[in-house]
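Chemist: What follows is a predicted structure for the sequence shown.
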Amino acid sequence: MDSDIILAIFLIFMTGLIFSPLGLGGGVIFMPILHYLLGWDIKIAILGSLILVWSVAMGSQIAHNKKGLGNLNIAKRGSIVAIPGAVLGTIIGYLLIEIISDITIKIMALSIVSWILYNAIVRMMNKDDITGESIGEMNEKYWLTGVFFGGMSSGLLGIGGGGIFVTANRKYGGFDSKSSAGTAFMLAAMVVPTAIISHIIIDGSAFELYEQATRYAIIIPFLVGILSFSGAKYAINYLPARFITTLFILIISLTMIKYTQEIISILS
């Protein structure tokens, strides 16, 4: 087995394990792994990332549900706007890649990741948020707007939208950090399948993905789901909110560096 494939599989497994308590599906890492490390075309990488994100969301939301963390009714309400957002994001992404180039997707990914990082740092510096308790009350208008853009980012960038869902849940949903993560995974579990189906229909990349992934296509997402369940179950019981937020900031920062390097190299 090629060393790049071994490294990619290892990083995919670790991403599923580490991201599972954060409310993130790991797409901000999965997509760069598949695109940069394995050399997959951007459209194939987005679809592959979404499948892995769904595995993380399914495994993690089961662990959160067992602890009563997350609100299924709220997630269902949010899915009403997030699902159409995922379809719209897929269409926009397809048109941008076909008409301009995939640099547009990378610039947008960097913008969204930067926004997620900024909000995470603000929460980290806010002494009232160190405990992970709720920092506000539900503001449905702003919350639904955030959830819509989270769904759109899922279809557009293959990142699941978890980072946006978590931020919207914390700032406008009235959730504490762990319930915010649980609800984000519930949303992702509902929204990501729509993004997957949309990509299969719109850009027809399913067959190409199967050719690239071959025998790993089924077993790796299954194992990622198991690791995500285990990671979320452990983190819910033992990891403090401040540690989880710090880990979140570190991983997002590394992703930003990679996107920035790629964009600079293309534009220079």
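Modeler: Now that the structure is in, tell me what you want to look at.
Chemist: This protein: helices as residue ranges?
Modeler: Remark: helices assigned in the chain by DSSP state H are 3-19, 27-32, 42-66, 72-99, 103-125, 140-157, 162-172, 177-202, 206-213, 216-238, 241-267.
Chemist: Surely Q61 touches G182?
Modeler: Yes - between Q61 and G182 there is a contact under C-beta atoms under 8 Å: 6.6 Å. Just so you know, the C-beta spots here come from the backbone N, C-alpha and C atoms, and that holds for glycine as well.
Chemist: Give me the common contacts of the two.
Modeler: Jointly contacting Q61 and G182 under the rule C-beta atoms under 8 Å, 6 or more residues apart in numbering are G70.
Chemist: what bits of this structure have low per-residue confidence?
Modeler: Within the chain, the segments meeting pLDDT under 70 span 1, 23, 123, 126-136, 214-217, 235-237, 239-241, 244-245.
Chemist: Just the residues contacting stretch 213-232, thanks.
Modeler: Stretch 213-232 is contacted from outside by 9, 12-13, 16-21, 48, 51-52, 54-60, 62-64, 185, 209-210, using C-beta under 8 Å, 6+ apart.
Chemist: List phi and psi for S20.
Modeler: For S20, the backbone dihedrals (degrees, to the nearest 10) come out as phi -60, psi -30.
Chemist: so it touches V56, yeah?
Modeler: Yes - with contact defined as C-beta under 8 Å, S20 and V56 form a contacting pair (6.2 Å).
Chemist: For those two, indicate the residue with more neighbours.
Modeler: V56 (35 against 32; other C-beta atoms under 10 Å).
Chemist: The more buried one reaches I18, doesn't it?
Modeler: No - V56 is not in contact with I18 according to C-beta under 8 Å; the separation is 10.2 Å.
Chemist: who touches both of the two?
Modeler: Common contacts of V56 and I18, defined by C-beta under 8 Å, 6+ apart, comprise G26.
Chemist: For stretch 165-173, buried residues please.
Modeler: F165, V166, T167, A168, N169, R170, K171, Y172, G173 (16 or more other C-beta atoms under 10 Å).
Chemist: Enumerate every residue touching the second one.
Modeler: Just to be clear, that refers to V166. Contact analysis of V166 by C-beta under 8 Å, 6+ apart lists L22, G23, L24, S180, A181, A184.
Chemist: ok, now with 10 Å
Modeler: Residues counted as contacts of V166 (C-beta atoms under 10 Å, 6 or more residues apart in numbering) are 22-24, 116, 119-120, 123, 146, 150, 173, 175, 177, 180-181, 183-185, 187, 248.
Chemist: Please apply the same query to the third one.
Modeler: T167 makes contacts with 23, 115-116, 118-120, 122-123, 146, 149-150, 173, 180, 184, as judged by C-beta under 10 Å, 6+ apart.
Chemist: Give me the buried entries from those.
Modeler: By 16+ other C-beta under 10 Å, the contacts of T167 give G23, I116, N119, A120, R123, G146, F149, G150, G173, S180, A184 as buried.
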